[in-house]
Every structure is written in structure tokens, then in C-alpha cells.
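A predicted structure for the sequence below; I have some questions about it.
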Amino acid sequence: MIRLDVATVLLQWAAGGLLFLWVTTRRREIGVGYGWLLRSIFGVIAVGAAVVGFRTRTVPVREVASILTAAAAAAALVVSIVRRSDATKFPTMLDLIAPLIAAVGLVAGALDAAEGGSSVTVSVLRTLIGAAFLGAVTDAMLLGHWYLVQPGLPRRHLNELVRAVGFVWPAEVVALMLPTGMFSVWSGAVDDGWHGQLGWFWAASAVATIVLVFVTRAALRERYYSAVMAATGLLYLAILTGFGTDLVARAVLAG
């Protein structure tokens with residue numbers, strides 16, 4: 001069994017968001033402002049992770065990693081601003097430093113959350129996969145909005161993130177079903193406090209997320225610009241169902 005720790009969830013979100021920022025910007029085709037936006041957002045979320053961690057159940061390695069993640073994101077932001085006149089001079093690998101640091105903190109948080117050696121591996125898997133899942137779906141929605149600023153941007157960038165959500169989704173669902181997982185909620189071995197309703201809500205969220213991924217990809221095949229905005233609206237829904245998939249399961253399994 002694991003505990004749902006808000007500090008770890010926030011660091012997951014920051015780590016995944018910063019990782020997929022690099023995935024999107026590594027080809028240097030997106031305006032520098034997009035990087036400024038995401039580094040600022042996820043840097044602040046990393047700071048929030050540290051604040052919550054220090055005020056609740058402190059895990060020193062995780063909290064230090066959260067601070068260093070925010071610092072690394074801020075450093076990349078400063079370098080990008082300084083070199084804004086020639087974006088080719090910005091070393092894109094700089095954006096990988098923050099998520100790598102965050103990964104160390106996430107492992108520390110997962111190890112602290114695990115209760116008993118048998119659940120350590122499952123706890124680490126859920127935490128790292130969940131970070132990728134939450135980051136991919138959030139960045140996809142944010143990138144969809146960026147097309148308003150840069151309407152000539154090729155759709156392959158948004159398609160890449162939507163596909164990433166689809167690829168990570170099976171790993172996320174399987175990780176949450178590993179013992180002790182959601183099968184135990186459906187069987188009644190784990191009491192969700194709602195007579196099993198949260199277990200079915202989780203299942204509905206998981207199914208809805210992958211359905212939204214396929215519908216979004218179908219929308220992006222339409223050649224009209226309005227299709228991008230429709231896809232962005234669908235991704236808003238995917239964020240809700242995606243977070244429901246990750247957080248509801250972990251809250252229920254925290255017992």
C-alpha cells in the first residue's frame with residue numbers, strides 16, 4: 001500500500017511537464033515564449049512541492065530535489081531569455097537537467113511512501129510513470145493553446161504529445177492494477193469508503209482518457225485550423241480524466 005503525498009504529486013507534475021517541454025522544443029521550431037511559459041509554470045509547481053513537503057511529511061531528498069528542480073528550470077529560463085535573439089544558441093539539453101533532478105526526488109518520495117519491501121517496486125513505478133502521464137497530458141493542452149500564438153506551427157508537435165499520452169496510458173493503468181491495486185478495490189479487499197463507487201469512477205476515468213486520445217488524434221487529421229482548437233478542448237477533458245486516473249487510484253489505495 002502507498003500513501004498519497006501532495007508534495008510528491010506536485011513534483012511528479014513538474015517533472016513530467018519539464019520532460020515533455022524538452023520533447024517538444026528540442027527541434028527548435030517552437031517560439032521561445034513557449035519555453036518561458038512552461039519553465040515558469042512547472043518551476044513554480046516544483047517550489048510548491050518543496051513548500052508542501054516541508055510543511056507536512058518531510059522527505060529531505062525529495063524536498064532538496066524539488067528546490068533544485070525549480071532552480072534548474074529558472075536557470076534554463078534565464079539562459080533562454082539572454083539568448084532569445086538567436087534561439088539556436090540555447091542548449092536544449094539544458095531542459096533535461098530539471099526533470100532528471102526531479103526523478104531523484106520522486107524515487108525518494110516513492111521509497112518513503114512504500115509500506116513494506118513488497119510494494120517498493122510498485123510504488124516507484126507508479127510514481128515515475130505517473131509523472132510522465134501527468135506531464136504529457138498537461139503539456140499537450142498547453143501546446144494546443146500555443147497555436148493561437150504561433151498558428152503556423154506544424155501539427156506534428158501536438159500529435160507527438162497526444163501520441164505520448166496514448167503510449168504512457170497502458171503503463172499507467174497496469175501500474176495501478178499491480179498488487180495491491182485496483183483489482184483489490186473491485187473485489188472488496190480494499191475499502192474505498194464509497195461501496196466500490198470510486199473504483200468504477202477510476203475505471204471510467206481511465207477509459208475516457210484513452211478514448212479522448214483517439215478522438216483528439218482524429219480531430220487533428222482534419223485540415224482546418226479549427227481542428228487544433230477542437231483538439232485543445234478535448235485535451236482539457238483529458239486532463240480531468242487523466243488526473244482522475246492517477247490521483248483517484250492512489251488516494252483509494254492509500255487506504
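Yep, it's here.

When you work out contacts or count neighbours from here on, use the C-alpha atoms and nothing else.
Will do.

quick one: Ala219 from Ala206, how far?
Ala219 sits at a distance of 20 Å from Ala206 (criterion: Cα to Cα, to the nearest Å).

Repeat that for His195.
His195 sits 19 Å away from Ala206, going by Cα to Cα.

Same drill for those two, tell me which one is more crowded.
Ala206 (22 against 11; other Cα atoms under 10 Å).

What distance do you get for that one to Thr241?
Separation of Ala206 from Thr241 (Cα to Cα) stands at 7 Å.

With Val190 instead?
22 Å.

Arg39 too?
Here Arg39 is placed at a distance of 24 Å from Thr241 (Cα to Cα).

neighbour count winner among these two?
Between Arg39 and Thr241, Arg39 has the larger neighbour count (other Cα under 10 Å), namely 26 against 23.

what's the closest non-adjacent residue to that one?
Ala73 (5.5 Å; Cα to Cα, 6 or more residues apart in numbering).

what sits against that neighbour?
18, 39-40, 42-43, 95, 98 (Cα atoms under 8 Å, 6 or more residues apart in numbering).

go again using 7 Å as the cut-off
39, 43, 98 (Cα atoms under 7 Å, 6 or more residues apart in numbering).

Mind telling me what element it is part of?
If you go by DSSP states H and E, Ala73 is part of helix 60-82.

That helix: which residues count as buried?
For helix 60-82, the neighbour count (16 or more other Cα atoms under 10 Å) marks 62-77, 80-81 as buried.

Show the average pLDDT along it.
The average pLDDT for helix 60-82 rounds to 97.

How about stretch 132-152?
94.

tell me the mean pLDDT over stretch 155-169?
The model assigns stretch 155-169 a mean pLDDT of 96.

Actually, stretch 41-50.
pLDDT averaged over stretch 41-50 gives 98.

got it, and stretch 229-249?
Stretch 229-249 shows an average pLDDT of 93 in the prediction.

Format the CA atom coordinates belonging to that stretch as PDB.
The C-alpha trace of stretch 229-249 is given here as PDB (Å, rounded to 0.1, in the frame of the first residue of the first chain):
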ATOM      1  CA  MET A 229      -8.800  24.300 -31.200                       C
ATOM      2  CA  ALA A 230     -11.200  21.400 -31.000                       C
ATOM      3  CA  ALA A 231      -8.300  19.100 -30.100                       C
ATOM      4  CA  THR A 232      -7.300  21.600 -27.300                       C
ATOM      5  CA  GLY A 233     -10.800  21.500 -25.900                       C
ATOM      6  CA  LEU A 234     -10.700  17.700 -25.900                       C
ATOM      7  CA  LEU A 235      -7.400  17.800 -24.100                       C
ATOM      8  CA  TYR A 236      -9.000  19.900 -21.300                       C
ATOM      9  CA  LEU A 237     -11.200  17.000 -20.700                       C
ATOM     10  CA  ALA A 238      -8.300  14.600 -20.900                       C
ATOM     11  CA  ILE A 239      -6.500  16.500 -18.100                       C
ATOM     12  CA  LEU A 240      -9.600  15.900 -15.900                       C
ATOM     13  CA  THR A 241      -9.900  12.300 -16.700                       C
ATOM     14  CA  GLY A 242      -6.100  11.800 -16.600                       C
ATOM     15  CA  PHE A 243      -5.700  13.300 -13.200                       C
ATOM     16  CA  GLY A 244      -8.700  11.200 -12.100                       C
ATOM     17  CA  THR A 245      -7.000   8.100 -13.400                       C
ATOM     18  CA  ASP A 246      -3.800   8.800 -11.400                       C
ATOM     19  CA  LEU A 247      -4.900  10.500  -8.200                       C
ATOM     20  CA  VAL A 248      -8.200   8.700  -7.500                       C
ATOM     21  CA  ALA A 249      -6.400   5.300  -7.600                       C
END
